[in-house]
Every structure is written in C-alpha cells, then in structure tokens.
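Q: Fold the following and give me the result.
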Amino acid sequence: MNNSNKPSIAHWLRRLLLLSGLLPALLVIATLAIAGALAYERLLEQQRDALRQQAHKQLRETIQLRTTIISGQLEQLSRDVASFARHVGLVLRRPASLPLQQYKAYARTPQGDLYSSQENGGFAFFYSGIKPVDARALEKLQRLLSVDPAMRDLLQRHPQAVEVFFSTHDSLQLSYPYSDPLERFTPGTDLAQSPNYYLADASHNPERVPVWAAPRRDPGSSHWLSACIAPVYRNDLLEGVVGLDVRLDALVAGIDPLPDRKHAALMLLSSDGSLIAPSADIGAADAAANGSAIELQTGPDREGALDVRLPESARTAITQQENGILPLGPGGNRLLAWSTIPQTDWKLLAIQTEATAVGSAQRAVDTVMNTLLSGALVTVLILSLTAFLLMLKSRRGADRLALPLHYLKHTAQQTADGKYLHVPPNVQFDEQQQAAQALVDLGGKLQSKAQTEARTRLALQRSQADLEKRLDSCSQELLLASHARERLETTPSPLSGYDHLTGLPAAPLFHDRAKQALLLAERNEKPLLVVLLQLSGFVPGQEPEGENTHDRLRQAIAHRLASRMRASDTVARLGHNEFAVVMFDYDAEKVAGEPGQEIAARIGMPSDPPDEGASVKAEMGLSRYPQDGDSIVELLHQADATLLLTPESERPSFTVRAARSGEE
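A: Purely as a prediction, here's the structure:
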C-alpha cells in the first residue's frame, strides 16, 4: 500500500542535494575564501618569528647531523688505526720470514742512513744513521716487510686519507704510498723527536688509545692534514707510533652539503680559531686567520655570493662554547651555527643567509595558501555543475533505483531466514547486480562456515582427548626426570675444584695453577709449554652393556698424564674429551724438534691386543711461552688454533686403547 505521507525517492534526492549538501558547502567555501584572504597578511606577520625560530632550529639540526657524521668517520678511522697498531705489534713479536734484498731495493748514505732507493709498489723506508743500522736493526726491518698489505688496505678503505706511516723509537720510518725518502728526511735526523711521540708516550697518552694530532698545512699541496696517531708498545717500551694522515677538506666534502650551496657554506675551525677545512665551493677564505676578523666569500660566482666578516667576539664564542648559533652581517642577515666534534674539539661551522632559511618557510606558507584558494574555487565549480546534473537526472534515476531495491530486500530476507539462494535475481544496474551476487555469495559462505564449524568442533573434541593422553604421559616423564635430577643434585663432588671422573683439576683450578707457572717462567726466564689434548673417535654403543669403556679410557689417560708427568707440570681436564698440560722449563729442543712425541711417549699406551677394549685417537695442539703469547689466555688460544688450523695429516696424534679391567 502506498503511503502518501512519505516523500518519493526523486523528491528526497533533490532536497538532500540542495539543503544537505550543495548550499552548506557553497556557504562554507565562500566564508573560508573570504576569511583566508582577509587574514592572510595578518597571519603572515604573526608567522615571521615562528618561521625564524624554525629556520634556526633547522640550521642547528643540520649542523648537528653533519657533526655526528664527521664524528662517526673519525671514530671509524681511529678504530682502524688502532687495529693497524695491534697488527704491527704482533708483526714485531714474530720472527723475520722475508728476505730484505728480495723485496726492497735499498742503499746507504755517507752518514750511514739506510733507505729504500726504488719504488716497488710497497712502502718506503728511512732508517736514520743517528744510531748504527746493525744486524738487529735489519732484522726488525725484515719483520716489518709483512705490513705492506695492511698499509695498502688501510689507505684504500679511507679515500680521505693520504698516507699511512710507522715510526720507531730507533728512528725507522715506514710510509705508504712510496715517496723518495731523501727528499723528505735529512740524513742523521732523530725521528724519535717527532711531535707524534709527544702525543703517544705514556705521560701524555697513558690509556694507549688513538689520538688526533693538531692540524697542519701540507707544504706540497697546501691542504690541511691531521694525523690519527696510535702507540705500539712492547711490554712497557714505546716501540713506535703508527699514523694515518687525513685531508680535512676531503672529510668535509664527504658529507652532504647544505641545501642552498650558493648562499651557504660548511667549514672546520681548529681549537685555536684557524680555518682548516673550507667546503669545496668557498672562493676566498681566511688565508692566515690571524687578524681580528675572518672574511668568507662563497659561491661559484660573486653575484649574490655570501660575504661575511666574522668578528673576534664571534670567534671567541665559537671556541668557548660547544655549540650555538649567532647572527652576523649587517642587520644580522646571516646565520652562523656551529657544533663541536668530540674527538678533536674542532668546530664544524655552517653559514647561511637568514633570508634563504626564512624564505623557504615563507614559500611553503604561500604555497599552502594558494593551494587552498585554488582548491576552494575548483570545488565550488565542481559542486555547482554536479548539483545541476543530478537534479536533471534525479527523477528518472529514482524510479530506476527503487525497483531493484525491492529485489535486493527480498534476497536479503531469504538469506536471513536461512534459505540460501544459489542464483541471484536479475536487476538492471551492474552495481545492484553485484550486490545481489554478493548476497548470494554471502549465503553460500555462511552455509559453508556452518558446515566447517561442525567439522571443527568434532576435530577439536578428538584433539582434546588425544592431548589429555599426551599430557598424562608427559607428567609421568617429568616426574621421573625430577627424581633423577634430585639424585644427581644430592651426589656430592669428591673434591672442590677437581673433576669428579678423573680427579684432575678442573678449569678454574687449572687456570690458577697455570698463571702461577707462567709467573714463575717469566721471573726465571724459562720456557713454558701449553698442550691441549683432544680425544676423538668415541662411537656410541661401542662399549659392552653394563660397562663404561669410554669413561675408563678417560680415567686411564688422566692417570697416565698425572703419574708420568713431572711434579712441576700441571695436568687438568678442561672439557668432556679435552685435557690440558702446562710444562715448566721443558726440553725446548726436543719438543720443538718432534712436536708431541715427547708427550705421547710420557702417556704411553697399554699393552692390550688391538681387538680388546675400545680405542680413541688423541690429537695435540701446542703453544710456547714467550714465542706464542705472554698470557695463559693467549697460549690456550694459540694451542687451540694450532689444533684446529693444522691439516689433519700434520697434527701430532696417537692412539690410546682401554686397558683390561683392573689395569691402570
């Protein structure tokens, strides 16, 4: 039945468009456009201070970010120089293995200086004749031949670096890449008087960490350089210093430039106020930095270039404060920001015109306002045209829309009642047809879901029953394990600090005794041998039932080690299948001649026939004090490395068989 009190769809659509959409939208847009135009100038004036503060904040963040980048680069350079110093220290402790004549061409000056006379792709060296360059000095130089690859690698990994060098206390200088030593050094020069030694010695660098030398100007290229210096010690003797010369302008050029390069510049200021690294686009800058002002002109051309005079008061503020920002120039139309690089106390400076910084923010505000006004006008036109077209089509569209809605209502009602349709009703519009199809698909999914839920409930019931059975089984197993653990925890250890199976010292007691033996060897200048004995070849199931042949093997080996070693030796069990021996004042020539045979002879083997008892293979790794290290940790590490890195066919090894029951 038709109810005349309700409006038709066409009437409702027209009224909705006119009253609820079009007129309010036009009114709001017009009001916003007029209010925006009137308030634009006032808003702009109010925003000037905010824009200026924002510009200052952005400049501070920009200089801080670039300071962090440079600090990270200096930190990486320091780590690599420290690593190179450790490598040189290890090389100096190793015996010489390369003949000097084969790898370097050298000559002598009349004053007795030894120097490399020809480039061969490696480092250049200069051995000052201030002290006689004797056989011991030549042997040191031969040891250092192996640092060529490390120097080359260090320089290649840091493009801002120009030279790697190593200078010793007895006036030997290595430098890479090659340069003529006689052009750099005066014969008879005492190289140990270099400022690098002043920075690296124990009184100025007790922590023995890399430090950065004061910037200096390279006379050949006029570039500012600074060297990262690291000491190389042999015990408490400062053997020498390694260093890496870095171009400071390349360091600055390696970071992102400021956005407006024509009206901005980056530079480095040393702790004494000297300009040591201008950015690449600075045309003229502080040649001496000794006057009352620093004049900076930047930009590829002079038109519109940045021209700033830095007063003495500003330079004082920069050197005294970690970071900050100052106005410069006539009327404060330039901004100077700086931040301190923590490793060196250098200052990274950024100079930018305030108009550039504020202008970018002003342009952003203008863009937003223009976009809003243009969008408002376009929206008014689109809404007007759309309303006109919709009103023309509303009546016809309403009739065409009403009939399919009845079909959709019928389909939805059938789905709600559980009467799922498999074929959708045929309606006029594609969208409505898709909606009808969606309702049919929804009914199918609901039906499938109901069936799936039924199957899922059945599967869950079965899984629950199976899970309950498994939980009962696991509870029993956990109870048995708990009882076993209680028995194990209540079993007392025979001796505190000793291995419960073999009775030998365990790892903590071994380390304590080994340290005492090392102190005794160092005090009496005696050799010390560390042996790691690794057992292998245990086969699970090899031992008969009721016996523990593997444990008897371990006990037999422990007994032989403990009974056949000297009283001054220390024997311990470090792991399941690992034993260790520390021999004080051992026969160096015998052990060095046949590694491991002396140990194997002392352990011996039982006299069982080959087919009686189990057998394992014992492999040994050896290290010697002082050749392989000066601490127990280093000696154990070297012995372990010898065991792991030596080819299996070359490792000292022998076979151990289990003795008969009752035999030791």
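
Q: for Ser71, helix, strand, or coil?
A: When states are read from DSSP: H, G, I helix; E, B strand; the rest coil, the local structure at Ser71 comes out as helix.

Q: Could you measure from Asp512 over to Gly503?
A: Between Asp512 and Gly503 the computed distance is 17 Å (Cβ to Cβ, to the nearest Å). (Glycine included, C-beta is placed from N, CA and C.)

Q: now do Asn205
A: To Gly503, Asn205 is 50 Å away according to Cβ to Cβ.

Q: Please compare these two by neighbour count and tell me which comes out ahead.
A: The neighbour count for Asn205 versus Gly503, taken as other Cβ atoms under 10 Å, is higher for Asn205 (18 against 14).

Q: wait, doesn't the more buried one sit right on Tyr198?
A: No: taking contact to mean Cβ atoms under 8 Å, the distance of 9.4 Å between Asn205 and Tyr198 leaves them out of contact.

Q: Near Gln64, how many other residues are there?
A: Using other Cβ under 10 Å, Gln64 has 15 other residues around it.

Q: Using the three-state scheme, assign the closest residue to it other than its chain neighbours.
A: What sits nearest to Gln64 in space, not counting adjacent residues and going by Cβ to Cβ, 6 or more residues apart in numbering, is Ser339, at 5.3 Å. Classification of Ser339 into helix, strand or coil gives strand, according to three-state DSSP.

Q: Low-confidence ranges, the stretch 401-550 of the chain, go.
A: Counting by pLDDT under 70, the stretch 401-550 of the chain contains low-confidence ranges at 401-408, 414, 418-422, 425, 427-429, 432, 473, 475-477, 479-496, 539-547.

Q: Show me the helices in it, by range?
A: Taking DSSP state H, counting those that start in this stretch, the helices of the stretch 401-550 of the chain run over residues 430-489, 507-524, 549-564.

Q: Tell me which of those helices sits most buried.
A: Greatest average neighbour count among the helices of the stretch 401-550 of the chain goes to helix 549-564 (a mean of 18), per mean count of other Cβ atoms under 10 Å.

Q: just to revisit the earlier point, and the residue nearest to Gln64, how many neighbours does it have?
A: Neighbour count for Ser339, taken as other Cβ under 10 Å: 25.

Q: And the pLDDT for Asp585?
A: Here the pLDDT value assigned to Asp585 is 83.

Q: Name the nearest residue to it, ignoring sequence neighbours.
A: Closest residue to Asp585 in three dimensions, ignoring its sequence neighbours and counting by Cβ to Cβ, 6+ apart: Lys526, at 4.3 Å.

Q: In this structure that neighbour contacts Arg624, no?
A: No: in this structure, Lys526 is not within contact of Arg624 by Cβ under 8 Å, at 11.4 Å.

Q: what's the helix or strand for Val164?
A: Assigning secondary structure by DSSP states H and E places Val164 in strand 161-168.

Q: what packs against that strand?
A: Taking 3 or more Cβ pairs under 8 Å, 6 or more residues apart in numbering; DSSP states H and E as the contact definition, the neighbouring helices and strands of strand 161-168 are helix 23-93, helix 148-156, strand 172-176, strand 237-247.

Q: Quick check: what element follows the first one along the chain?
A: Per DSSP H and E, helix 23-93 leads on to helix 100-103 as the next helix or strand towards the C-terminus.

Q: what does the shortest one give?
A: Past strand 172-176, heading to the C-terminal end, the next element that is a helix or strand (DSSP H and E) is helix 181-184.

Q: From the rest of the structure, what touches that next one?
A: Contacts of helix 181-184 with the rest of the structure, by Cβ atoms under 8 Å, 6 or more residues apart in numbering, involve 109, 115-116, 124-126, 173, 175.
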